[in-house]
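this one's sequence-less:
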């Protein structure tokens, strides 16, 4: 058996991942939508072109018409009117193109996130149980919700618009150099300070966003754990202690968020300062050139307009950079989870076409959830087709471990397990679990109809379903329900008793018609009348099936042909049912 040291896959365990590799993987998800992205880029070019032409129209209007005394007043008004209409048309065109671009980007982003969420959920379904024992469900939910939402925001708000912003910045610099090389060169002296400010911000924001997402995941994990166990908290009067724990975690999250705000409180005003300083420089130098008649007023107005356009994408780039940092921090966690190799079906892929007879054989099996604490030592036994065998022993001795190994939730460190003549490690987990009908002490009920809870992924007609309901002793329950087996049960529906849940679990087994039936403490939490009814249903379900029973009650053990006693991780005795 391979032992995996999963730990928590949170940011405190993350390796240093290069942004380039993250970007490559993020963009792979967008590769299937490149045609639509290309359309968005073309629209982006049109928006940028229309935006950059507006200051040029201002320059023409000021120099050629407003300040031009060499033409008549009528000609000046006519020229201004024509430029105003053209200005409005370009603004309207830019609005339409930006609107279409936003729709396309949102559509692409929704599709990408849908595919990623499905891929991540599918991956989670195939991870070993040991992974889930070490990683709270609340944190996994955060991956499927908050982190994927962060990536969605980056796809819709950043990827194409970043191209638009850089294109606009480059275009403005080119136009400014053409208009006035000296003034533009003077302005460029301020740009290194802006770049250094962005670099400083980038180095801090990545770690801050990572910390924030870590604390959010921890809060979600704590909430999932505490709310699911609220009955235990209330019964032990632990409300105050639990509230204090949540308050501490919430305070940590608050402190991390304040750190983020402090960084933005420095970064954003600094950009505004540089923008104002640049405007002052243009007015000082450009105004002097206008007075010296070396520069027209129209050029100065256009220069100021272009600089306003220049710093607008700079501000947006800084905001989008924060989105990128948040998204990359989320991408690190998502990709690390996708890269987790704790796959529950990593060994076998064989799916025999023959019907399983139901023979089970353990040969000198060693296993431990922790390498230093073995559970099974040289465990060997055989269960023959159609035989009923009970596993007996104190709690923690390894009874459920044997079932976990049979279900391929874990693999033995040493030794071999066989179903009929097939070695278990060579068989597909999916095929193996179709052959095993497991009825556990705690039965999970879906928020669906009673029919859906019984049928699950099987295909059976109503006549077969009626037979199953009758064999599972659920007829009396269904007859009392106004909607019969179409009645909703579980969360938001009818609450079933412990005995009814066990009967439901038996009905599920019958719907799948497995060769091997496993009863893991199935009657431990129900009252005597329900136990008698359940035992009748179990007796019918056990018919012609290999059955393994884990139970402590003598009434359950009496159904066994043999009893295997576990002691010290070994099968120490093999007793007949008459020697209980």
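Done, it's in. All values derive from a computational prediction rather than experimental measurement.

ok, the residue nearest the centre of the chain to residue 27 distance?
The chain has residue 144 as the residue nearest its centroid, 1.9 Å off, counting by Cα atoms, centre = their mean. Residue 144 sits 21 Å away from residue 27, going by Cβ to Cβ, to the nearest Å. C-betas here are computed from N, CA, C, even on glycine.

quick check: phi and psi at residue 135.
phi -130, psi 110 (degrees, to the nearest 10).

give me the neighbour count for it.
The tally of other residues near residue 135 (other Cβ atoms under 10 Å) stands at 22.

one more: the one 3 residues further on?
Taking other Cβ under 10 Å as the neighbour definition, residue 138 ends up with a count of 20.

wasn't residue 363 part of a strand?
Yes. Under DSSP: H, G, I helix; E, B strand; the rest coil, residue 363 falls within a strand.

that one: what's it in contact with?
Contacts for residue 363 (Cβ atoms under 8 Å, 6 or more residues apart in numbering) come out as 380, 415, 416, 417, 418.

could you tell me how many residues sit around residue 337?
20.

from the contacts of residue 363, which land in strands?
380, 415, 416, 417, 418 (DSSP state E).

quick revisit: most neighbours among the contacts of residue 363, which one?
Counting by other Cβ under 10 Å, residue 417 has the largest number of neighbours within those, with 22 neighbours.

what is the burial count for the nearest residue to residue 483 once chain neighbours are set aside?
In space, and not counting its chain neighbours, residue 483 is closest to residue 449: 7.9 Å by Cβ to Cβ, 6 or more residues apart in numbering. The tally of other residues near residue 449 (other Cβ under 10 Å) stands at 19.

from residue 302, how far off is residue 71?
20 Å.

do residue 333 as well
47 Å.

next: residue 172.
11 Å.

try residue 239
Taking Cβ to Cβ as the measure, residue 239 falls 67 Å from residue 302.

between the two, which is the more surrounded one?
For residue 239 versus residue 302, neighbours defined as other Cβ under 10 Å are more numerous around residue 302 (25 against 12).

residues contacting that one?
By Cβ under 8 Å, 6+ apart, the contact list for residue 302 reads 55, 56, 58, 59, 179.

can you get me a residue count around the nearest residue to it once chain neighbours are set aside?
The shortest distance from residue 302 to any non-neighbouring residue, by Cβ to Cβ, 6+ apart, is to residue 59 (3.7 Å). When neighbours are counted by other Cβ under 10 Å, residue 59 registers 20.

buried residues in the strand or helix carrying residue 59?
Per DSSP states H and E: residue 59 is located in helix 34-61. Buried residues in helix 34-61, counted by 16 or more other Cβ atoms under 10 Å: 36-37, 39-41, 43-44, 46-52, 54-55, 57-61.

and for stretch 473-486?
473, 474, 477, 478, 485.

I'd like the distance between the second one and residue 532.
Distance, residue 474 to residue 532, by Cβ to Cβ: 15 Å.

next: the fourth one.
Taking Cβ to Cβ as the measure, residue 478 falls 19 Å from residue 532.

over to residue 196?
Distance from residue 196 to residue 532, by Cβ to Cβ: 80 Å.

who has more neighbours out of these two?
Applying other Cβ under 10 Å to residue 196 and residue 532 shows that residue 532 carries more neighbours, namely 15 against 10.

what's the helix or strand for that one?
Assigned by DSSP H and E, residue 532 falls in helix 528-542.

which strands and helices lie in contact with that helix?
helix 462-471, helix 498-512, strand 516-520, helix 554-557 (3 or more Cβ pairs under 8 Å, 6 or more residues apart in numbering; DSSP states H and E).

now the next helix or strand after the shortest one, how far from the centre of its chain.
The one in question is helix 554-557. With elements assigned by DSSP H and E, the helix or strand that comes after helix 554-557 is strand 562-567. Remark: strand 562-567 is offset 43 Å from the chain centroid, using Cα atoms, centre = their mean, to the nearest Å.

could you find the closest non-adjacent residue to residue 296?
In space, residue 296 is closest to residue 63, 4.9 Å off (Cβ to Cβ, 6+ apart).

next, count neighbours for the one you found.
Residues lying near residue 63 (other Cβ under 10 Å) number 16.

you'd agree it is in a strand?
No. Going by three-state DSSP, the assignment for residue 63 is helix, not a strand.

state the distance from it to residue 266.
From residue 63 across to residue 266, the span is 41 Å (Cβ to Cβ).

now do the contacts for the residue nearest to residue 483.
Contacts for residue 449 (Cβ under 8 Å, 6+ apart) come out as 483, 485, 486, 487, 488, 489.

what bits of the stretch 351-500 of the chain have low per-residue confidence?
Within the stretch 351-500 of the chain, the segments meeting pLDDT under 70 span 491-493.

helices of that one, start to end?
399-406, 429-435, 450-455, 462-471, 475-480, 498-512 (DSSP state H, counting those that start in this stretch).

any chance of those in CSV, with distance to residue 209 too?
Converted to CSV, the helices of the stretch 351-500 of the chain look like this (distance: least, Cβ to Cβ, whole Å):
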stretch, distance to residue 209
helix 399-406, 39
helix 429-435, 38
helix 450-455, 41
helix 462-471, 52
helix 475-480, 52
helix 498-512, 44
